[in-house]
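Student: quick one, fold the following:
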Amino acid sequence: MSVKSLGKESLIYGVGHVAARGVTFLLLPIYTNLFSLSDYGIISLVYTFLGFMNVILHYGLDASLLKHYVPADFEERKSILTNAYASFLLTTIVFFLFLVFFRSDISGLLFGNPLPSITLMVAGILFFDVLWSMHVLLLRAEGKPVFYTVVSFINVLLALGLNILFVIYLKLGISGVLISNLITSGCIFFITFPIIIKRISITTLSVKQWKRMMKFGFPFLPAGIFSMILELSDRYILHYLTNLETVGLYNAGYKLGMLMMLVVMGFNMAWQPYFLKKEKNEREYIAKVTTYVLSVLVFLWILILIWTDALVKLQFGDFTFFSDQYWASTQIVSIIALAYIFHALFLLQLPGVYLLERSGLIAWIRGLGAVSNISLNLLFIPEYGIVGAACATCSSFILMALILYLLNLKVFLIPYNWNKIGLITFTAGFIFFIHFNFHLDFFMKIIMSFSYPIILIITDVVSINKFRAILKY
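Tutor: You can find the predicted model right below:
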């Protein structure tokens with residue numbers, strides 16, 4: 001894959017991923033205008049659990065599937081996929097039955113609401129989500145970003161339409177949200193299931209093959225757990241130290257900050273298969289990509305910093321984008337967005353770990369990030385509330401990126417252009433200082449927004465021609 005095709009696939013995957021996860025932003029005006037802070041807090045805890053269990057139920061085998069499937073020939077691919085999918089199917093069914101049998105206990109313990117029906121719907125959503133995510137993983141592995149994007153848009157349209165039906169018109173509240181998700185997940189599973197059927201064969205089942213894949217993938221399980229602790233534990237800690245209303249407020253701001261995460265993960269969907277295919281280590285290229293990715297993400301961060309307050313107060317008839325009870329959540333948006341910039345810097349440094357097959361390092365680094373996040377949340381939340389939780393998350397992402405950089409100095413040295421990175425950082429810092437120390441009217445916000453790319457172009461940190469070439473091809 002060339003520089004140009006990486007840029008093209010990043011754009012297509014990015015559109016698909018932003019579409020799939022971007023439904024969250026389309027639903028925010030609905031949820032924040034129709035749900036109380038406590039009800040939205042319950043929804044937040046439910047989706048925190050779903051996110052955490054999706055990682056547990058993939059137990060690192062998804063990463064191993066991608067790693068082994070991409071370079072394999074046709075017959076070997078069939079064996080790799082069959083063994084992985086059979087494993088996912090078995091463990092997902094077992095956990096589904098566990099949730100069904102203990103639904104009453106689990107509902108009150110995890111979601112702050114003793115409604116067994118919530119757990120039943122969560123069980124169904126998890127079953128479909130764990131499996132269909134493997135279907136679309138194959139689209140990434142085989143370099144089919146357009147098909148992936150089509151599936152993503154179907155997901156969006158279903159989720160949005162069903163939420164409008166069940167939440168707005170039928171007024172089913174929290175149950176309406178989960179019913180919409182369950183139906184959407186089930187439909188995506190059946191739509192994409194033919195992808196699997198055409199590529200597996202029961203005759204290729206092999207314990208030896210499964211063990212080989214698990215040997216590489218298992219270190220990703222604790223890494224995934226630590227990653228979810230890093231990203232999601234703050235909701236449960238907030239619930240423990242404060243109340244459901246605070247969880248709802250925090251989650252609303254976090255969702256807006258996650259716009260940065262959508263962009264980062266869209267890029268990573270093309271980036272990861274790219275460096276797995278490389279026959280030689282192109283460290284200079286990694287350094288160049290880092291500069292360009294950082295420049296784009298920082299520009300997006302500046303837009304988020306400057307325009308978030310105006311966004312949440314946008315008027316739609318009798319509604320605003322956020323109900324006024326959620327406006328205080330904007331104080332954490334830029335902090336969360338900054339956290340995901342450092343997450344991107346972490347991902348950009350992973351080629352060395354993959355190419356040298358030292359996946360265990362990822363678990364250690366994310367483990368330190370998780371411990372840091374829990375500790376800082378417990379320290380900051382009592383004093384600073386939702387701002388403390390956001391700062392704890394951001395600090396932990398910074399720590400992870402820094403640790404991996406220090407490790408790569410010894411095992412996979414990347415020749416970064418520190419002059420350009422420094423100028424990007426200084427320019428963003430200057431705009432941050434102006435934003436928080438001076439009142440900016442609409443005209444000044446426009447000037448501040450576009451001063452950043454103009455400075456980077458004038459100083460030759462980025463090249464317009466290079467961006468055009470990547471987008472064109």
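Student: from residue 286, how far out is the closest residue to residue 118 other than its chain neighbours?
Tutor: Computed as CB to CB, 6 or more residues apart in numbering, the closest residue to residue 118 that is not its neighbour in sequence is residue 107, at 5.3 Å. Quick note: C-beta positions are derived from backbone N, CA and C, even for glycine. Using CB to CB, to the nearest Å, residue 107 is found at 46 Å from residue 286.
Student: low-confidence stretches in the stretch 151-300 of the chain?
Tutor: Filtered on pLDDT under 70, the stretch 151-300 of the chain yields the residue ranges 270, 272-281.
Student: okay, strands next: where are they in the chain?
Tutor: 315-316, 319-320 (DSSP state E).
Student: number of nearby residues for residue 122?
Tutor: 24 (other CB atoms under 10 Å).
Student: enumerate every residue touching it.
Tutor: 46, 49-50, 99, 178 (CB atoms under 8 Å, 6 or more residues apart in numbering).
Student: what's the answer for residue 54, then?
Tutor: Contacts of residue 54 (CB under 8 Å, 6+ apart): 126, 129-130, 133.
Student: could you dump these to TSV with pLDDT and neighbour count?
Tutor: Below are these laid out as TSV (pLDDT from 0 to 100; neighbours: other CB atoms under 10 Å):
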residue	pLDDT	neighbour count
126	95	22
129	94	22
130	94	24
133	90	18
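Student: rewinding a little: if I look at the residue nearest to residue 118, how far off is residue 120?
Tutor: For residue 107 relative to residue 120 (CB to CB), the value is 9 Å.
Student: these two: which has the busier surroundings?
Tutor: Comparing residue 107 with residue 120 by other CB under 10 Å, the one with more neighbours is residue 107, at 21 against 17.
Student: surely the more buried one meets residue 123?
Tutor: No. Checked against CB atoms under 8 Å, the pair residue 107 and residue 123 is beyond contact range at 10.9 Å.
Student: now do the helices in the stretch 351-473 of the chain.
Tutor: Along the stretch 351-473 of the chain, the stretches classed as helices by DSSP state H, counting those that start in this stretch are 351-355, 360-411, 418-437, 442-458, 464-472.
Student: out of these, flag the one nearest residue 236.
Tutor: helix 360-411 (9.5 Å; CB to CB).
Student: check which residues of stretch 71-79 are buried.
Tutor: 77-79 (16 or more other CB atoms under 10 Å).
Student: save those as CSV, and put in distance to residue 56 and pLDDT too.
Tutor: Formatted as CSV, those follow (distance: CB to CB, whole Å; pLDDT from 0 to 100):
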residue, distance to residue 56, pLDDT
77, 26, 86
78, 27, 87
79, 25, 88
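Student: name the nearest of those relative to residue 412.
Tutor: Looking across those and measuring by CB to CB, the closest to residue 412 is residue 77, at 27.9 Å.
Student: any idea how far residue 131 is from that closest one?
Tutor: 18 Å.
Student: can you check residue 339 too?
Tutor: Residue 339 is 30 Å from residue 131, by CB to CB.
Student: and if you look at residue 55?
Tutor: 15 Å.
Student: quick revisit: and which of the contacts of residue 54 is nearest residue 59?
Tutor: residue 130 (10.3 Å).
Student: pretty sure that closest one sits against residue 58.
Tutor: Yes. When contacts are counted by CB under 8 Å, residue 130 is listed as touching residue 58 (6.7 Å).
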